[in-house]
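Participant: only the shape, not the letters, is given here:
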């Protein structure tokens, strides 16, 4: 089995070089790009396992690119940016990024975050690619929710990780600590905020009443419970 491929999109040559060297030394394959157009063309030739994306790009809005990658690519998307404001991080996560790393960063942290994403449940799904529950069908092979009338709603890779975790453990309390262990990523406020964003977006796509959701219940101070009946195939 070949080493995981990490693509790097950053317009700073020093950053690209530093990341490429650190990741190669850690056992990853890398491809590095300075412009979004070259990056997107390469994705079609060599689908990556992880995409590292800077938001300050010369030829494309980084956030819109992250959103498209999250919906269309089978890769984890990690933002690496000098934008340290909380709202920038929240926006990136809302648009589907799996993680957000602020510049300047430690190379070892980037390597650890990537390894955590690759340990996540998006690969090697134990129970199959399709799950049916409460009038919905989740298609994990094409990242879409289908309602009872056949209307499909896409979900991001990051949202899919959380949804799969719920569907694989219905009617069982899932604590924040269990989510962090299963999904990877650095524990703390950033991870908690990421989970809040993804669960909120899943509830919206499942047409849940935000004040009284039927499927994904918050148990305050403890975690979450998914209350649906799930059939995998």
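Facilitator: Arrived safely. Just so it is clear, the model here is predicted, and its values are computed rather than measured.
Participant: gap between residue 2 and residue 91?
Facilitator: Noted for residue 2: a distance of 34 Å to residue 91, by C-beta to C-beta, to the nearest Å. To be clear about C-beta, it is placed using only N, CA and C from the backbone, and glycine gets the same treatment.
Participant: so which of the two has more stuff around it?
Facilitator: Using other C-beta atoms under 10 Å as the criterion, residue 2 and residue 91 rank with residue 91 on top: 19 against 6.
Participant: and the helix or strand where residue 30 lies, what does it pack against?
Facilitator: Per DSSP states H and E, residue 30 falls inside strand 29-33. Under the contact criterion of 3 or more C-beta pairs under 8 Å, 6 or more residues apart in numbering; DSSP states H and E, strand 29-33 touches strand 5-9, helix 13-25, helix 36-45.
Participant: and those, which is most packed in?
Facilitator: Stretch with highest mean neighbour count among these: strand 5-9 (a mean of 24; mean count of other C-beta atoms under 10 Å).
Participant: pull up the pairing partners for that strand, direction included.
Facilitator: When pairs are called by DSSP bridges, strand 5-9 turns out to pair with strand 29-33 (parallel), strand 50-53 (parallel).
Participant: contacts for it next, please.
Facilitator: With contact meaning C-beta atoms under 8 Å, 6 or more residues apart in numbering, strand 5-9 is reached by 15-16, 19-20, 23, 28-34, 36, 39, 42-43, 46-54, 57, 65, 75, 114.
Participant: so how far is residue 5 from the residue of the chain most remote from its centre?
Facilitator: Distance from the centre of the chain peaks at residue 149, with 27.6 Å (C-alpha atoms, centre = their mean). Here residue 149 is placed at a distance of 39 Å from residue 5 (C-beta to C-beta).
Participant: equivalent analysis for residue 195, please.
Facilitator: For residue 195, the distance to residue 5 - C-beta to C-beta - is 27 Å.
Participant: all strands for this protein, in order.
Facilitator: Secondary structure of the chain by DSSP state E: the strands cover 5-9, 29-33, 50-53, 76-81, 99-102, 130-133, 136-139, 144-146, 152-154, 216-219, 223-226, 230-232.
Participant: ok, which of those strands comes nearest residue 175?
Facilitator: Closest to residue 175 of these, according to C-beta to C-beta: strand 223-226, at 3.9 Å.
Participant: hmm, back to that, the strands of the chain into TSV, with extra columns for distance to residue 205?
Facilitator: Listed next are the strands of the chain as TSV, based on distance: least, C-beta to C-beta, whole Å:
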stretch	distance to residue 205
strand 5-9	27
strand 29-33	31
strand 50-53	23
strand 76-81	18
strand 99-102	21
strand 130-133	13
strand 136-139	9
strand 144-146	6
strand 152-154	5
strand 216-219	11
strand 223-226	14
strand 230-232	17
